[in-house]
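1. The sequence isn't on hand, but the structure is:
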């Protein structure tokens with residue numbers, strides 16, 4: 001067990017070093033034009049990863065600013081803006097989780113996320129961290145968000161913290177769920 005723990009610590013240390021790298025910041029060495037990278041980790045390492053993202057946001061020795069976007073918090077703020085937080089709870093009690101999920105999937109759409117995320121203050125070269133992906137599932141699948149996001153962050157590396165596996169073609173959340181379609185991104189380590 002100890003070996004596994006040091007593995008995640010080691011991988012995060014390497015990630016931190018990589019985030020200083022000019023090639024990483026400029027998206028060099030990727031065979032495609034989008035600078036999206038995915039850091040997969042074992043869901044049980046969630047707290048270690050969260051601690052890392054908290055630390056890295058305030059790390060003044062980094063060459064670029066780090067902007068965190070927690071997708072679950074974005075989801076909640078969309079629900080608050082729509083004033084549906086209370087009705088979600090009621091709906092789940094009366095109609096059950098499946099109907100509630102279907103309703104949320106149709107009423108909270110990718111554009112709602114984009115609207116909030118694009119307005120996060122950022123400048124060229126800032127690194128956008130996407131977190132909260134395990135928490136926001138199944139209301140939103142991050143695969144649908146990545147490509148449209150690059151329109152608003154064309155000069156920013158996007159780093160996805162993903163509690164699951166990425167084969168290079170599809171993401172498997174929590175390493176169990178059926179993978180969704182392929183999109184252009186790269187496993188970071």
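-> Alright, I've got the coordinates. This is a predicted model, so every value here is computed, not measured.

2. gap between stretch 134-153 and the chain center?
-> Relative to its chain's centre, stretch 134-153 lies at 7 Å (CA atoms, centre = their mean, to the nearest Å).

3. The residue positioned nearest the centre of the chain - nearest residue in space that isn't next to it in sequence?
-> Nearest to the geometric centre of the chain sits residue 130, at 3.0 Å (CA atoms, centre = their mean). Closest residue in space to residue 130, ignoring its immediate chain neighbours: residue 160 at 4.7 Å, by CB to CB, 6 or more residues apart in numbering. In short, each C-beta sits where N, CA and C put it, glycine included.

4. For the particular helix or strand that has residue 112 in it, buried residues please.
-> Using DSSP states H and E, residue 112 falls within helix 110-117. Going by neighbour count (16 or more other CB atoms under 10 Å), the buried part of helix 110-117 is 112, 113, 114, 116, 117.

5. So which elements touch it?
-> Contact here means 3 or more CB pairs under 8 Å, 6 or more residues apart in numbering; DSSP states H and E; on that basis helix 110-117 packs against helix 71-81, helix 143-152.

6. which intervals of the chain have sub-threshold pLDDT?
-> Applying pLDDT under 70 to the chain picks out residues 1-6, 29-33, 166-189.

7. Which residue ranges of it form strands?
-> Here the chain has its strands, by DSSP state E, at 36-40, 66-70, 127-131, 158-162, 164-166, 171-173, 186-187.

8. So the residue nearest to residue 130 is in contact with residue 132, correct?
-> No: contact between residue 160 and residue 132 fails when scored by CB atoms under 8 Å: they sit 10.8 Å apart.

9. Mind listing residues that contact stretch 129-143?
-> Applying CB atoms under 8 Å, 6 or more residues apart in numbering, the external contacts of stretch 129-143 come out as 43, 46, 50, 53, 56-57, 66-75, 101, 104-105, 108, 110, 113, 145, 158-164, 170-171, 173-174, 180-181, 183.
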